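Q: Structure here, sequence nowhere to be found:
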């Protein structure tokens, strides 16, 4: 029972991180109809940059802000330089471009930093806490993770539903042509969307890196899980990202805990396949309109 | 008097010539009906005016400006509103949000409420449904929302693409009446593309008949309506 | 100048200068030319270079399959390395446990890999674009775990040995193996070339361009997609069986994600959807990671970290820049040049070449203005 509880809590914490990555993917897909395969790699770069800042004497929170700010700028520049030219062509082009960018970034990181693992600190203790006498595997850091992602979700919600900027971004995401005809400048909003999405990914990376240590490939696996979560929850639904993230995190935690950690990637694949066979659009998405 | 002036407009999609040497003009306070069979190029004409496609040659002049090379956003900010075919409301947003979207580029926070209320006066059913999501509206209500959203920013040129498509005749009649009154009251330039020639000719002052991308007739609407041979040949009644 | 141009025009108008119109004959003529070319090439090259030519040949097979799937049928696969693994291990197991000769073994390899292609292809029919890409990526990442679980069957870290078939004593072994691989590549390419021009090829393209229209035209969309996957997987399996032929060993460490990336890059660089382009892609896959990247790193006196990662960096860069600037790859660029030159000589008027890279036409989805053979040929389909 203790074991089950610990696994569940671990699944929740990791699920929240996966949800943050999924949220970035969903943001970009909704706004620009592109799945950003480089999402994880870009977050890896921002983490390395934060690491460098940290090692010049900055404190954790400064590095945190640097990572997010870098993500914002990096996402925006990437959208302008790499994505705009291929946005209106066949989706294959954008897939290949983002995938190529992924491996380019990993190669560059490998060339600069090598594959030696580096440790990145956590802002709070990672030791499990005692709750009423029993030791549970939920640390202050885990609490921080859950809260951070919740704050991210709330900020996104407020942005999109409560502000005019958010209204414009939603319009652009749902119907770019209609938005243009209403005088909305579409291109800067797409750029902003990418910036926010990569910043979200940067935050997710900072939440995962204390447990998984910093290497050029450390976000690969999280990207896959984020993709799984986005598929399960619906690639165009932020709420779906959260639910998909928790579902993925918990499922993988159970598989890892009861069947062995090396089966987790296969379990994620199975989750994707099953989800796509049962409900291809995801739990929370609207079915796309059939245009015959 | 500001007039929308189209001269020698030619638009091609690759090797397909959608419009060739189209010329006509539309005056303010008047509805100009654009008629013709399916595939004649009527939608392309509207898309060229609003900037969604750029012509191969020809000019589109309005209020001293040449619109044919401008971006969509700029054209809209010059006062051109385009209601596309098929009721392009944003379904996941509420009626109120759709309307607010139309007001964003022009009006500040304080004035938005007032201009949106004007639309509610024009189309009372929308007021009743203001907090509902657009995908719960009927066809006629969606059309009202599309048109209302285009009108929120108080445009000077209104382009309508087949507003009566899929609507019951009585709803169409009401819609046309609203358009007619609105046009003369606010001195709008209205370019109305319709396959339903009868209903559009009933409220139009001018008519352009297009066939296979070329202008066949550009004349007063009454003249076109009474020309039975023309009607048989190009308009189907 | 005018005299020169009109001379060339009259020359090229002569019947003996033109390739035969019928696809099969045309492909066989290309193959015949290739046979002669490769014969002389292998005679002139050293043993190691023969090995490399063989490598180019079997990568060409794998790329042809992938190019068919992505360029012509429009399904993207980021995990094709998995099919390589299936082919390789099937070959190794057959060679080690049965006494069959080469050709039956290869046929079984193709069949088995094709079936595995169907296993992926069937769920893939539900997916499009990025979903499909993501799913295939996960297959590629998950595969190493699978082979590790079943150590005994797959030989664990050491892998399984595959003794190469012996050839006639008069020919040295590397040349003999290269010959088998080249011949295999040419056979596959001729077959695929005919497939592309056939009814199947047309239905592949129809499904790629517009699934709804294709199904309304009576094409069974799901079946077409699965067949494309099966053919593509069969090619991949065959390709790695050929590798096992000359490498002598099959080992699960040979199939990292990097392999799938190289394939994708090779396909894009050579020209997606172009069967001729697979040769360029194969050359780059064989030479770039090992020779060109290392010599480039040495030229710049780069440290070991950089040289280890240089190949990946270049591949990634080429993928990105290639897609932005020249989506048609090398073959697309060549075709564009040839069309420009050709139109200069044919009539003096420079005709509007619709596959102009500057217009940003996407050669993966060329402008479908009818099924005219010349347009289709120009687009590399």
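A: Thanks, I have the structure now. The structure displayed is predicted, hence computed values, not measured ones.

Q: so how many other residues sit close to residue B:143?
A: Residues within reach of residue B:143, counting by other Cβ atoms under 10 Å in any protein chain shown, total 26. To be clear about C-beta, it is placed using only N, CA and C from the backbone, and glycine gets the same treatment.

Q: and it, what does it touch?
A: If you count contacts by Cβ atoms under 8 Å, 6 or more residues apart in numbering or on different chains, residue B:143 has them with B:87, B:163, B:167, B:171, B:175.

Q: Helices along chain B, start to end?
A: Under the criterion DSSP state H, chain B carries helices at the ranges B:42-50, B:72-77, B:95-103, B:109-122, B:124-128, B:139-151, B:169-186, B:197-203, B:221-226, B:228-230.

Q: can you pull the buried residues of the longest one?
A: Judged by neighbour count using 16 or more other Cβ atoms under 10 Å in any protein chain shown, the buried positions of helix B:169-186 are B:171, B:172, B:175, B:176, B:179, B:180, B:182, B:183, B:184.

Q: Max pairwise distance over the residues you listed: which two?
A: By the measure Cβ to Cβ, the buried residues of helix B:169-186 have their two most distant members at B:171 and B:184, which lie 21.3 Å apart.

Q: Can you tell me what sits against the helix or strand residue A:145 falls within?
A: Secondary-structure assignment from DSSP states H and E places residue A:145 in helix A:140-162. For helix A:140-162, contacts defined as Cβ under 8 Å, 6+ apart pick out A:9-10, A:12-13, A:16-17, A:19-20, A:23, A:27, A:122-126, A:129, A:165-167, A:169-170, A:196, A:200, A:203-204, A:207, A:210, A:238, A:242.

Q: Now which of those would you call buried?
A: The neighbour count (16+ other Cβ under 10 Å) marks A:9-10, A:12-13, A:16-17, A:19-20, A:23, A:27, A:122-123, A:167, A:169-170, A:196, A:200, A:203-204, A:207, A:210, A:238, A:242 as buried among the contacts of helix A:140-162.

Q: Run through the residues that contact residue B:153.
A: For residue B:153, the set of contacting residues under the criterion of Cβ under 8 Å, 6+ apart consists of A:182, A:183, B:76, B:81, B:102, B:103, B:105, B:106, B:107, B:115.

Q: Closest to chain C out of these?
A: residue B:76 (25.2 Å; Cβ to the nearest Cβ).

Q: Quickly check: stretch A:192-211 near chain C or not.
A: No: applying Cβ under 8 Å from any Cβ of the partner chain, one finds stretch A:192-211 out of contact with chain C, separated by at least 14.4 Å.

Q: What's the separation between the closest residue to residue B:129 other than its chain neighbours and chain C?
A: The spatial neighbour of residue B:129 that comes closest, neighbours along the chain excluded (Cβ to Cβ, 6 or more residues apart in numbering or on different chains), is residue B:95 at 5.3 Å. Going from residue B:95 to chain C by Cβ to the nearest Cβ, to the nearest Å gives 32 Å.

Q: what helix or strand is the residue most central in space within chain C on?
A: Using Cα atoms, centre = their mean, the residue of chain C that lies closest to the mean C-alpha position is residue C:63, 1.7 Å off. In this structure, residue C:63 is located in helix C:47-67 according to DSSP H and E.

Q: residues in chain B within reach of chain A, list them.
A: Residues of chain B lying near chain A by Cβ under 8 Å from any Cβ: B:50, B:52, B:72-73, B:76-77, B:81-82, B:84, B:88, B:90-93, B:97, B:100-102, B:104-106, B:149-150, B:153.

Q: Just the buried residues of those residues.
A: Among the residues of chain B next to chain A, those buried by neighbour count (16+ other Cβ under 10 Å) are B:50, B:52, B:72-73, B:76, B:81-82, B:84, B:88, B:90-93, B:97, B:100-102, B:104-106, B:149-150, B:153.
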